[in-house]
Structure formats: structure tokens, C-alpha cells
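Asker: Here is my input; please provide its structure:
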Amino acid sequence: MTVCLLLLSVVALTAAVPAPRALTRAAWTEREPVVALWVWQCLVATVLLCCLTALVLGAAAVFHTVRDRVFAPAPPAVTAAYDLSAAPVWAVALTVLLACGAAWTTAMLTRELAEVRRRRGLTRAHLRERAPDLPGGLPAARGPMLVLEDEYPDAWWMPGHPAQLVVTTGALHRLTDHQLDAVLTHERGHARAHHDWLLHLSTALATGFPRVPLFAHFCDQTHRLVELAADDTASRRCGHLTTALALIELNQHRGVLSCASSRRLLGERVDRLLQPPPRLLRRQRALTTTVAALVPLLPLLITFAPGLTALT
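Answerer: Numbering: from 1, shown residues only. All right, here's what the predicted structure looks like:
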């Protein structure tokens, strides 16, 4: 059990500190944002699995009730292989720390979900005021697309039930048909990939553990990469130039191309669309995706290795 806890700690620390810093500096993530998002999710899953499996092993060593429940169906040889009879002091302290971390993580996720639900309710109520039900028994604006009377050009996807694509009349007047199609494709790309849930998860983890490099970088990179991925979805259908022009038309009044702007990402997105970087080869994408998917299996392999060795 002691060796398992040490190995799990090493894997978790490696995935939480040096790995995200190296991934943040990597240049290929801009070329393949979808693959980069997958790698970030696998790193987060690895750390969470390390913490969860270490918590189970530590709790089984400290508390006899947990041990009896976890190892109840296992043969005596498997239980003996983990050597749970005497837990060192540092293992007890680690178990308590992991239990507190698990409780805090659950609280942060619950808080984020509650806050999301509250914001969506306020947003939908605000939209109902701006787009009231039509008179004379005509159907309400509950379709997949909602047009708001507003000079301010804007368009966004509002998740929920039902999900709606909201577009202002200012955007309809400013954009051409092809540019509007690019904007709609961009927002539908967010919806199909469920980017909203990924953003909520990264925000909750970064809020709960702001000093953990993995979670802080995960939040920052997720907000950046989901936009790049949606831009790629739109550019593949409508063209890079059309998507870039649509992005400029929607955001030029916000100072998109200003270097001092807090929305510098918009300028970077426009430059990337006007000069698209070459994609990775299909073999490279497949290899990166496969290796990233195998990394979260390390904590499970470390945890089950003593038991499997005892059985063989």
C-alpha cells in the first residue's frame, strides 16, 4: 500500500506541475485545438484518478469499515498483498488531506452548477423581457434561433432546455449572408462539442484550487482552445477569410485589433484565420490522442497491480 501511495503521488505531481507547463508552451496546440483539449482533459482525469484511488487505499488502511467494504469480495491473498495492517503516519495525514480535497472539489462543482443554473435563469428572464410573446395567440419564440431587436451586433449560443442561438438585428444588418453562416456555424460548433460543460468544469477546479498549476492552466487554455476549435469548424465550412471578416465585423467596436485591449485573444484568432497554421498529420493526431487516453490508466494500473500480482 505504501508503494502504491508513493507512486500515485509521483504521477499526480508530474501531471499537475511540469506536464501542464510543458503543454502550455507547446506550439502544436494552436494547430490542433481539439486534440489539445483532449490532452488537457486526460491530464485532469489522471490527477483526479490518482487522488481518488489514493483516498480509497488510504481510507481502507486507516478505517476497518472501509477496508471490509472495499476488499469484501477479494480473496485473502489480495488483501494481504496491499499490507493494510499498519498505516504510517504520513499515509493517515495524506488520507485526511485527500478527503478534505474531495469534499472541497464536490463543493466547488456544486457551487458552479448552482451558479450556472442561476445565471441561465436570469438570462432567459431577461430575454423574455426583450423578446415577449407575440400577440393574437401567435407562438412564442421558442425555436432554435431567437432574433433580438438591438443595434449592438452580437450572437451567442444559450445552452439549456431548449437550447437557442441568439442573434441581434445589429448582427443581421452588419454581416453578409456568408458571414452570418460562419457565425452560426461557430456557435453550433460550441454546442455540438458541449464546450459549456468543459468551461464550467475548468472554472470550478481553478476556483477551488487556484494554486495548482494544472487547474489554473486548464481553465485559461480551455477558454482559448474552445474558441479556436469553433473557429476551425466555421472556417472549414465557410472559409478562413469569411470567418475572419465575420469575427472582425462583430467585434471591431470592442477594439479587437488593439494590442492594449483585454480581448487580445480576438486579435490572435483573426491572425490565425488569415494565416492558418498547417495541421498535424493524421498519424500524429492519432498517436497523440491515443497516448493521452492511456495516461489516465496509470493510476488504475498502479492501484490494481498488487492484487493482480497476488492472483497470478
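
Asker: I'd like to know how many residues surround residue 309.
Answerer: The number of residues packed around residue 309, counting by other C-beta atoms under 10 Å, is 11. For every residue, glycine as well, the C-beta is placed using N, CA and C.

Asker: so what's residue 164 bridging to?
Answerer: Applying DSSP bridges to residue 164 yields these beta-bridge partners: residue 158.

Asker: what's the distance between it and residue 93?
Answerer: 50 Å (C-beta to C-beta, to the nearest Å).

Asker: which of the two has more neighbours?
Answerer: Of the pair residue 164 and residue 93, residue 164 is the one with more neighbours under other C-beta under 10 Å, namely 19 against 11.

Asker: Report pLDDT for that one.
Answerer: What the model reports for residue 164 is a pLDDT of 80.

Asker: separation between residue 51 and residue 4?
Answerer: Summarising the geometry, the distance separating residue 51 from residue 4, computed by C-beta to C-beta, is 13 Å.

Asker: right, I mislabeled it, should have said residue 197
Answerer: According to C-beta to C-beta, residue 197 and residue 4 sit 32 Å apart.

Asker: Comparing those two, which shows the higher neighbour count?
Answerer: For residue 197 versus residue 4, neighbours defined as other C-beta under 10 Å are more numerous around residue 4 (20 against 12).

Asker: would you say residue 147 is within a strand?
Answerer: Yes - counting by DSSP: H, G, I helix; E, B strand; the rest coil, one finds residue 147 located in a strand.

Asker: On the pLDDT front, check residue 139 for me.
Answerer: Predicted confidence (pLDDT) for residue 139: 49.

Asker: hey, which helix is longest across this protein?
Answerer: In terms of residue count, the longest helix belonging to the chain (DSSP state H) is helix 89-130.

Asker: Remind me what it packs against, helices and strands.
Answerer: Of the remaining helices and strands, those touching helix 89-130 by 3 or more C-beta pairs under 8 Å, 6 or more residues apart in numbering; DSSP states H and E are helix 2-16, helix 33-62, strand 145-148, strand 155-158, helix 195-208.

Asker: how distant is that helix from the center of its chain?
Answerer: Using C-alpha atoms, centre = their mean, to the nearest Å, the mean C-alpha position of helix 89-130 is found 14 Å from that of the whole chain.

Asker: Quick one: mean pLDDT for it?
Answerer: The pLDDT scores in helix 89-130 average 91.

Asker: Over to stretch 284-298?
Answerer: Here the mean pLDDT over stretch 284-298 is 97, rounded to a whole number.

Asker: Tell me the buried residues in that stretch?
Answerer: 285, 288-289, 292, 295-296, 298 (16 or more other C-beta atoms under 10 Å).

Asker: Partner strands of the lowest-mean-pLDDT helix or strand in the chain and their direction?
Answerer: Least confident helix or strand of the chain, by mean pLDDT, DSSP states H and E, is strand 145-148 with a mean of 82. Counting by DSSP bridges, the strands paired with strand 145-148 are strand 164-168 (parallel).

Asker: Which residues does the strand it pairs with contact?
Answerer: Among residues not part of strand 164-168, those counted as contacts by C-beta atoms under 8 Å, 6 or more residues apart in numbering are 127, 142-158, 180, 183-184, 187-188.

Asker: one more time with 6 Å
Answerer: The set of residues external to strand 164-168 that reach it, using C-beta atoms under 6 Å, 6 or more residues apart in numbering, is 145-148, 150, 152, 154-158, 187.

Asker: same thing with stretch 290-308?
Answerer: Contacts to stretch 290-308, defined as C-beta under 6 Å, 6+ apart, come from residues 4, 7-8, 11, 38-39, 42, 45-46, 49-50, 53, 78, 81-82.

Asker: Can you name the residues that contact residue 94?
Answerer: Contacts were defined as C-beta under 6 Å, 6+ apart; by that measure residue 94 touches residue 58.

Asker: Roughly how far does it sit from residue 13?
Answerer: Look at residue 94 and residue 13: by C-beta to C-beta, they are 12 Å apart.

Asker: try residue 289
Answerer: Taking C-beta to C-beta as the measure, residue 289 and residue 13 are separated by 24 Å.

Asker: and what of residue 172?
Answerer: Residue 172 sits at a distance of 52 Å from residue 13 (criterion: C-beta to C-beta).

Asker: now swap in residue 192 and tell me
Answerer: Here the criterion is C-beta to C-beta. By it, residue 192 lies 35 Å from residue 13.
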